[in-house]
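Q: A predicted structure for the sequence below; I have some questions about it.
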Amino acid sequence: MEDKISIILTLAQRDLLLKYESHFTDPYLFRLISNAVKKGNQFEICLNVMEMKDLMDQIFDLSNNEENEKLIDKLDDLHDYLYEVYGEDDEEMDAQDKRIMEIVGDPEEADIDESIDAFYKYLKANLSFPCEVTGIEDFQWEEYYLLGGGDKAEYEQLKKQRPSYRDRYQLLNIHRSDESEWAMGNGDLVASVRRNSDKKKFMLGLSELKATDKKSKNYELLDDYSVWFVNNA
């Protein structure tokens, strides 16, 4: 049985998350919070490592899109608390390190280009296509509108033609050498995707995507690559 991480939330922390029900991209994750076990004046939820990462990502997104400074501070504090709890769970982190080392060797000694080649071959052999993916956090072009005070109406218009991290896509293939105008990191593997809502196709940076099915093998594969690329490329 997969190990679970026990998280204790105060009433205020749980209520803070519950007020964002309509903003949760994963209804299952929201149900885990709403069905948390009450223990005195606190609430306990038990999440696996992938669910824990999803929750931290969700809170990060909520903070980025919140305009109320007091709520931003509360969300950031909650994110920091969860990060501390997650950091105490070394077993899964060690397991991920081992998986990555099996692909690229010691990340600190490996050549970057050779490591990307190794990851590309491994992912091509093990990813199941197509699979549904979404952005981990806001894409580079969105930062001005989400963090830099850009016009919201203009942002909504641009999202019709540009990819947004909130969109859901079908991951159709990955490429080693194709270029992407949307990728944030140089040298990133390129993901060929088709947006679910309007069937538009884009070439996105693979390290900026995650599988929506957190229980799938694809989720683990993409997460391993993203963690490695962000930390080493």
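A: Noted; the coordinates are in hand. Residues are numbered from 1 along each chain as shown.

Q: Which other helices and strands does the helix or strand of the chain with the lowest mean pLDDT contact?
A: Between all helices and strands in the chain, the lowest mean by mean pLDDT, DSSP states H and E belongs to helix 90-104, at a mean of 77. For helix 90-104, the elements it packs on are helix 112-126, helix 217-232, judged by 3 or more CB pairs under 8 Å, 6 or more residues apart in numbering; DSSP states H and E. (Each C-beta comes from the backbone N, C-alpha and C, glycine too.)

Q: So which of the ones you listed is nearest Ile103?
A: helix 112-126 (5.0 Å; CB to CB).

Q: just checking, next helix/strand downstream of the closest one?
A: strand 131-135 (DSSP states H and E).

Q: For the following helix or strand past that next one, list every residue counted as buried.
A: Proceeding N to C from strand 131-135, the next assigned helix or strand is helix 143-146, under DSSP H and E. Using 16 or more other CB atoms under 10 Å as the test for burial, helix 143-146 gives Tyr145, Leu146.

Q: Not counting helix 143-146 itself, show me its contacts.
A: With contact meaning CB atoms under 8 Å, 6 or more residues apart in numbering, helix 143-146 is reached by Asn64, Asn65, Asp138, Gly150, Asp151, Lys152, Glu154, Tyr155, Leu158.

Q: Can I get it as CSV, trimmed to CA atoms?
A: Only the C-alpha atoms of helix 143-146 are listed here, as CSV (Å, rounded to 0.1, in the frame of the first residue of the first chain):
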residue,chain,number,x,y,z
GLU,A,143,3.4,36.1,-16.2
TYR,A,144,2.9,39.7,-17.3
TYR,A,145,-0.9,39.3,-17.0
LEU,A,146,-0.9,37.2,-13.8
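
Q: Relative to the whole chain's centre, how far out is the next helix or strand after that helix?
A: Proceeding N to C from helix 143-146, the next assigned helix or strand is helix 152-158, under DSSP H and E. Chain-centre distance of helix 152-158: 23 Å, with CA atoms, centre = their mean, to the nearest Å.

Q: Chain neighbours aside, what residue packs nearest to the residue positioned nearest the centre of the chain?
A: Residue closest to the mean C-alpha point of the chain, counted by CA atoms, centre = their mean, is Ile136 at 3.1 Å. Leaving out its chain neighbours, the residue that sits closest to Ile136 by CB to CB, 6 or more residues apart in numbering is Lys210, at 5.2 Å.
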